[in-house]
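sequence first, then the predicted structure:
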There are 2 protein chains.
Amino acid sequence: MRAHMANLKQVAAQAGVSSATVSRYLNGTLSLPQPTRDAIETAIRELNYSPNPFARSLSRGRADVIRMVVPDIKTPFFSALVAAVENAAFEREQELEIAVTLNRPGRESRYLDSVSERHVDGLIFVTNHPDVAPLEKRITAARRVVLLDENVPHAQAPRLFCDNEGGGAMAADHLADHGHKVVGVIGTGDEMYSGAARFRGFQTALQARFGAQAQILRKCGQGYTQEEGRRLCAAILDSGLPVSAIFVMSDEMVMGTLDELKARGLSVPGDISLISFDDILPLDYFETPVTAIRQPVEALGEMAVRILLDTDWNDPASRSRVTLLPVTLVERSSVASVTHPSKSNDSTGG
Amino acid sequence: MRAHMANLKQVAAQAGVSSATVSRYLNGTLSLPQPTRDAIETAIRELNYSPNPFARSLSRGRADVIRMVVPDIKTPFFSALVAAVENAAFEREQELEIAVTLNRPGRESRYLDSVSERHVDGLIFVTNHPDVAPLEKRITAARRVVLLDENVPHAQAPRLFCDNEGGGAMAADHLADHGHKVVGVIGTGDEMYSGAARFRGFQTALQARFGAQAQILRKCGQGYTQEEGRRLCAAILDSGLPVSAIFVMSDEMVMGTLDELKARGLSVPGDISLISFDDILPLDYFETPVTAIRQPVEALGEMAVRILLDTDWNDPASRSRVTLLPVTLVERSSVASVTHPSKSNDSTGG
């Protein structure tokens, strides 16, 4: 196949332009006058040049194709993350293939193997289920894999996360600034990297402010979904602990939390203050605009591509690097000051 | 290559299970006891079987890989559509590759060519820019392409849309039921299939109800974005026509419309009634929950996969079929009855 296939350079030579021009024309990043376009198209046709990435990988040994694997695409955080990676890949003249696993281990394994088999140049890998141990060896073996958003603990790969712990601390500080000492936390549990880190940051910061007066009731679900948000909010309200605020670890969960509060006739922030994490949904437009810790989605996408393309994969230190990007607080209207501070120290919590 | 590569049947035979079992195990859809998994994994290793889709396409002539091409993945409608196709593809045991074009013609062309070159089994193709003429021949040549959501007029391909015209009529009827005769329309123009069809349905229905009393001011933008929504809302308000309601052709545009109304101190539905199209964003949670025409996203995804896999591509009639799926009205709180009906007939409109 290699012998019969023209390369980009030959096409460029026949068309009388540079290889970069042909490449950018084919990528759609360059507008050219019609005669130049005609010359390139004629050269492509006459030389039987195939700009197909797989064909290129056969002829040149590299595909310029990277793949991004996400658990699902409907969750706004993941679709925003994919869009950010897409933009960054385009800037670097990489083609991006996106694959959705729905957290099915068989699919995850197959996509990881596609790197080992050199069908793609590398993988930006996002998983968000707890049973990741079977993936560890495959990730290490695949080499050119960047772990994004959630961790796979014992794999050897560069990792990129938002500063989940810092974000948790930021949420606690904001609630503490408004006098909230007795609070609920809704999210995932310690089996998820993000859930563990956000809670750790939150708990440490609230205790630093209020010491033993801080009471935190944590309820953990199976995923960052609206349904889990509603269920866990109900569990907190049913606990009897007089929480004045809830830290909700995702925008989706906020929707479920709002459902439950509304069903019980409770208002935000009159009865309960809320603070979210993600800030991807249009929280600005909600009945009570929701204060949130914002994930740096654009920066995460850009950095993920940079790490994938620029890491020295033969350097164990580079392959083990962890990068954290800072989060920010976006203040809106869902956190009010405690007007009747809870005096009770006899409730459950910790 | 073909001679050296074991097929699924050989793996199944050595492992002592059915081909379907191996296939479903590899797809991650089947949980098996450890001894069975070990037997399959051993057979795969010993026979050097590669479940990679491209390798499979070489050995079996078919890849079982379909590709979906979308303009962008951040717009909630497209991410929901991709998720729906993903679910349907999984049900049909097809692997789905997702590609984002950002409406760049070079990228669109390349993905279309990937079908001609048999790198994928077929394409579900979504584009939403007006300059689609150059794609027509490529789509016809590629054959196994389903056009979804927007049209590419002269291509020969089966098409699947929601009933845009019916949805426009439904929006007009709902506004008419509340007495709105002088209304604005914000969306795309006639160069887009969806914009043309939604407006045609809206205009026809409103005129059927109110005859010459119906006054419609239509403002057309370059895309269904928040920015365009805000700009076009401002244009309608600046026109001087005393509109009592606006039909906004996308959820994203509703956000921009709300921005502009808020900036001018106008309330929904007190000053202006709004009705949206899509119903993908969490409109239920908005300050005023927004009434919308809901697109049948799940059904569109399922049907797109069905058309791609079940069309007889040698039958010109099948290749030219157009399928419309019905939309529904989701009534919330953004449409109020006209209390001071506009008496003026001296304004612009049509």
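Here it is on my side, so go on.

run through the residues of the stretch 201-350 of chain A sitting next to chain B.
Applying C-beta under 8 Å from any C-beta of the partner chain, we find that the stretch 201-350 of chain A lies next to chain B at A:255, A:258, A:281-282, A:285-287. Every residue, glycine included, has its C-beta placed from N, CA and C.

pipe these into JSON lines and attach secondary structure, pLDDT and neighbour count per row.
Shown next, in JSON lines, are those (DSSP: H, G, I helix; E, B strand; the rest coil; pLDDT from 0 to 100; neighbours: other C-beta atoms under 10 Å in any protein chain shown):
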{"residue": "A:255", "secondary structure": "helix", "pLDDT": "98", "neighbour count": "23"}
{"residue": "A:258", "secondary structure": "helix", "pLDDT": "98", "neighbour count": "26"}
{"residue": "A:281", "secondary structure": "coil", "pLDDT": "96", "neighbour count": "24"}
{"residue": "A:282", "secondary structure": "coil", "pLDDT": "97", "neighbour count": "23"}
{"residue": "A:285", "secondary structure": "helix", "pLDDT": "97", "neighbour count": "21"}
{"residue": "A:286", "secondary structure": "strand", "pLDDT": "98", "neighbour count": "24"}
{"residue": "A:287", "secondary structure": "coil", "pLDDT": "97", "neighbour count": "17"}
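
mind putting the residues you listed into a markdown table with distance to residue A:108?
Formatted as a markdown table, these follow (distance: C-beta to C-beta, whole Å):
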| residue | distance to residue A:108 |
| --- | --- |
| A:255 | 27 |
| A:258 | 33 |
| A:281 | 26 |
| A:282 | 31 |
| A:285 | 35 |
| A:286 | 34 |
| A:287 | 38 |
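
now the residue in chain A that chain B sits nearest to: how far from residue A:160?
Here chain A gets closest to chain B at one residue, residue A:106, 2.3 Å apart by C-beta to the nearest C-beta. Distance, residue A:106 to residue A:160, using C-beta to C-beta, to the nearest Å: 25 Å.

tell me, how many neighbours does residue A:74 end up with?
Residue A:74 has 19 neighbouring residues, counting by other C-beta atoms under 10 Å in any protein chain shown.

can you point out the buried residues in the lengthiest helix in chain A?
The single longest helix within chain A, with elements called by DSSP state H, is helix A:193-210. Applying a neighbour-count criterion of 16 or more other C-beta atoms under 10 Å in any protein chain shown, one finds A:193-199, A:201-203, A:205-206, A:209-210 buried in helix A:193-210.

how about stretch A:120-133: buried residues?
The neighbour-count check on stretch A:120-133 (16+ other C-beta under 10 Å) flags A:120-130, A:132 as buried.

now stretch A:179-198
A:179-188, A:192-198.

contact partners of stretch A:102-112?
Here stretch A:102-112 makes contact (C-beta atoms under 8 Å, 6 or more residues apart in numbering or on different chains) with A:67, A:69, A:71-72, A:99, A:101, A:123, A:125, A:127-129, A:131, A:134-135, A:138-139, A:141-142, A:145, B:25-29, B:51-52, B:86-87, B:90.

of these, grab the buried ones for ChimeraX.
Under the burial definition 16+ other C-beta under 10 Å, those of these that qualify are selected in ChimeraX by:
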select /A:67,69,71,72,99,101,123,125,127,128,129,135,138,139,142,145 /B:25,26,27,28,51,52,86,87,90
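
strands - which of the contacts of stretch A:102-112 land there?
Mapping these onto strands (DSSP state E) picks out A:67, A:69, A:99, A:123, A:125, A:145.

follow-up on the earlier one: pipe the buried residues of helix A:193-210 into CSV and attach pLDDT per row.
Below are the buried residues of helix A:193-210 laid out as CSV (pLDDT from 0 to 100):
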residue, pLDDT
A:193, 94
A:194, 96
A:195, 96
A:196, 97
A:197, 97
A:198, 98
A:199, 98
A:201, 98
A:202, 98
A:203, 98
A:205, 98
A:206, 98
A:209, 98
A:210, 98
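
got a list of what the spatially most central residue of chain A touches?
Taking C-alpha atoms, centre = their mean, the centroid of chain A lies closest to residue A:149, which sits 4.5 Å from it. Contacts for residue A:149 (C-beta under 8 Å, 6+ apart) come out as A:81, A:126, A:128, A:160-162, A:194, A:300.

just residue A:270 next, same as before
Residue A:270 is in contact with residue A:336, counting by C-beta under 8 Å, 6+ apart.

turn the buried residues of stretch A:120-133 into CSV, columns for distance to residue A:11 and pLDDT.
Putting the buried residues of stretch A:120-133 into CSV (distance: C-beta to C-beta, whole Å; pLDDT from 0 to 100) gives the following:
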residue, distance to residue A:11, pLDDT
A:120, 24, 79
A:121, 22, 81
A:122, 26, 91
A:123, 29, 94
A:124, 30, 96
A:125, 34, 96
A:126, 36, 96
A:127, 40, 92
A:128, 43, 87
A:129, 45, 86
A:130, 49, 82
A:132, 44, 86
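
widest-spaced pair of those residues?
The most widely separated members of these, counting by C-beta to C-beta, are A:121 and A:130 (29.1 Å).

tell me where the stretch 251-350 of chain A has helices.
For the stretch 251-350 of chain A, applying DSSP state H, counting those that start in this stretch gives helices covering A:251-263, A:297-310, A:316-319.

so of those helices, which one's packed in deepest?
Of all the helices of the stretch 251-350 of chain A, helix A:251-263 has the most neighbours on average by mean count of other C-beta atoms under 10 Å in any protein chain shown, namely a mean of 22.

what's the spacing between that one and its chain's center?
22 Å (C-alpha atoms, centre = their mean, to the nearest Å).

how about low-confidence regions in the stretch 201-350 of chain A?
A:340-350 (pLDDT under 70).

no wait, the stretch 1-150 of chain A
In the stretch 1-150 of chain A, residues with pLDDT under 70: A:1-6, A:24, A:27-31, A:50-63, A:118.

got the residues of it near chain B?
So the stretch 1-150 of chain A meets chain B at A:25-29, A:50-52, A:54-55, A:72-74, A:76, A:79-80, A:82-83, A:86-87, A:90, A:95-102, A:104-110, A:113-114, A:117, A:119 (C-beta under 8 Å from any C-beta).

domain map for chain A?
A:2-58, A:65-157+A:297-325, A:164-291 (automatic domain parsing).

what ranges do the helices span in the stretch 101-250 of chain A?
Using DSSP H, counting those that start in this stretch, the helices found in the stretch 101-250 of chain A span residues A:105-116, A:133-142, A:164-177, A:193-210, A:226-238.
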